[in-house]
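*Asks:* Sequence and computational prediction follow.
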Amino acid sequence: MIRWIVALALVVLSAGTALASGKAVEIGYVESFERGADGYSIVSDGVPKKVAILEPILNGDLIQVRDPTGSITLRLVGRDDPVVISQANQSVPITAEVPEKGFWSGLFSWTSGSVAVFDDEQRQQVTASIRGDDGKELIAPLFATPQTLVAGRRKLSIGWSTPRTVDIQILAKGAKRVAEGRASGGLWATPEIDWKAGTYRIEIASGADVVRQTLTFVAPKKAPPLPAEFSDPAVPAPLRAVASAAWYAAKDPAYLLEALQYVAPDARTSRPAKLLTLAFIDGKRPPPPPAMP
């Protein structure tokens with residue numbers, strides 16, 4: 001905690017101009033919090049605000065933690081590691097590198113609202129980290145329709161709802177087996193494979209139940225280009241990944257599996273990534289953003 005406070009003091013110096021001017025600029029966001037939102041407040045310029053997943057944090061904000069055992073995790077601009085706030089360090093104003101301009105608008109604001117809806121849904125039900133139950137029929141809503149992905153060398157994350165254990169194989173033309181595995185827990189990833197442009201077939205099996213679907217890999221230049229703001233280096237990388245996933249999923253149900261690739265690797269360490277991972281596995285998509293390309 002001492003090292004965190006020392007680092008915080010250093011960035012206060014770099015943020016001094018913005019703070020002195022009274023201009024509040026978003027410098028990060030709420031990544032997760034334990035228990036209910038009513039155990040915390042974000043105080044901006046003396047005014048308490050409700051805590052929510054992906055709620056923006058402004059330079060100079062204070063976090064109030066009412067629960068002596070509770071904590072809230074933030075992602076800040078210019079930091080690779082998350083910042084955890086508890087009652088022990090809640091009195092320190094939140095500061096970080098202040099971007100030249102605000103970024104919490106447009107598609108990032110839409111992403112925040114979309115993920116918050118999934119967060120509310122998840123908090124209303126008891127779920128496992130990545131779900132799956134033995135003894136139930138095979139359900140894989142993610143593969144309800146053919147899926148399109150971007151070709152290239154990458155791991156491919158696959159998700160299903162139930163049962164807990166399945167056998168997966170991905171076949172290229174001529175029934176050539178490209179990847180296979182026996183997986184459990186509702187989420188599995190292939191080894192890193194150089195996926196060539198073309199058509200593949202995925203088969204997910206549990207006993208006599210089999211889900212089959214077509215996977216079409218396209219060259220990167222033929223895939224829908226991500227919005228330019230998603231490459232803004234001033235925006236924390238985890239937020240850019242979550243926004244990219246939400247955008248792909250909202251754009252077209254054929255890109256739901258592509259969307260999963262942006263969040264599945266972080267599903268066990270990041271709540272926004274976990275929320276979207278679970279939603280996509282269930283075949284759920286965010287509503288379209290205000291100006292869908």
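*Replies:* Cool, got the structure. Numbering: from 1, shown residues only.
*Asks:* CA only for contacts and neighbour counts going forward, please
*Replies:* OK.
*Asks:* Could you look up the SS state of Gln169?
*Replies:* Here Gln169 is recorded as strand under DSSP: H, G, I helix; E, B strand; the rest coil.
*Asks:* So the residue nearest to Gln122 when sequence neighbours are not counted, which state does it fall into?
*Replies:* Spatial nearest neighbour of Gln122, excluding adjacent residues (Cα to Cα, 6 or more residues apart in numbering): Leu275 at 7.6 Å. Look at Leu275: counting by three-state DSSP, its state is helix.
*Asks:* Leu275: neighbour count?
*Replies:* 24 (other Cα atoms under 10 Å).
*Asks:* got a list of what it touches?
*Replies:* Applying Cα atoms under 8 Å, 6 or more residues apart in numbering to Leu275 gives the contacts 115, 118-119, 122, 267.
*Asks:* Those residues in strands, which ones?
*Replies:* With DSSP state E as the criterion, strands contain none of those.
*Asks:* tell me what the lengthiest helix in the chain is packed against?
*Replies:* Looking across the chain with DSSP state H, the single longest helix is helix 106-123. Helix 106-123 is packed against helix 237-251, helix 271-281, with contacts defined by 3 or more Cα pairs under 8 Å, 6 or more residues apart in numbering; DSSP states H and E.
*Asks:* and with 10 Å instead?
*Replies:* Using 3 or more Cα pairs under 10 Å, 6 or more residues apart in numbering; DSSP states H and E as the contact criterion, the elements in contact with helix 106-123 are strand 26-33, helix 237-251, helix 271-281.
*Asks:* Switch the ones you listed over to CSV; also include mean pLDDT and distance to Ser44.
*Replies:* Shown next, in CSV, are those (pLDDT from 0 to 100; distance: least, Cα to Cα, whole Å):
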stretch, mean pLDDT, distance to Ser44
strand 26-33, 94, 11
helix 237-251, 96, 21
helix 271-281, 97, 23
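*Asks:* how much space is there between the residue nearest to Gln122 and Ser32?
*Replies:* 11 Å (Cα to Cα, to the nearest Å).
*Asks:* As TSV, the helices and strands packed on helix 106-123 with distance to Ser206 would be great.
*Replies:* TSV is the format used below for the helices and strands packed on helix 106-123 (distance: least, Cα to Cα, whole Å):
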stretch	distance to Ser206
strand 26-33	34
helix 237-251	27
helix 271-281	17
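*Asks:* picking that back up, for the longest helix of the chain, the distance to its chain's centre please.
*Replies:* 10 Å (Cα atoms, centre = their mean, to the nearest Å).
*Asks:* And that helix, what's buried?
*Replies:* 107-116, 118-119 (16 or more other Cα atoms under 10 Å).
*Asks:* Equivalent analysis for stretch 238-253, please.
*Replies:* Quick answer for stretch 238-253 (16+ other Cα under 10 Å): 238-251, 253.
*Asks:* how close does the closest residue to Ala37 other than its chain neighbours get to Glu34?
*Replies:* Spatial nearest neighbour of Ala37, excluding adjacent residues (Cα to Cα, 6+ apart): Val51 at 5.6 Å. Distance, Val51 to Glu34, using Cα to Cα: 11 Å.
*Asks:* shared neighbours of these two, anything?
*Replies:* 40, 72 (Cα atoms under 10 Å, 6 or more residues apart in numbering).
*Asks:* Name the residue in these two with the higher neighbour count.
*Replies:* Taking neighbours as other Cα under 10 Å, Val51 and Glu34 compare with Val51 leading, 22 against 13.
*Asks:* Enumerate every residue touching Ser270.
*Replies:* 31-32, 73, 82, 238, 242, 263-264.
*Asks:* Show the buried residues in these.
*Replies:* 31-32, 73, 238, 242, 263-264.
*Asks:* got the residues you listed as JSON lines, with distance to Ser41 columns?
*Replies:* Below are the buried ones among the contacts of Ser270 laid out as JSON lines (distance: Cα to Cα, whole Å):
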{"residue": "Glu31", "distance to Ser41": "14"}
{"residue": "Ser32", "distance to Ser41": "13"}
{"residue": "Thr73", "distance to Ser41": "13"}
{"residue": "Pro238", "distance to Ser41": "23"}
{"residue": "Val242", "distance to Ser41": "24"}
{"residue": "Val263", "distance to Ser41": "27"}
{"residue": "Ala264", "distance to Ser41": "29"}
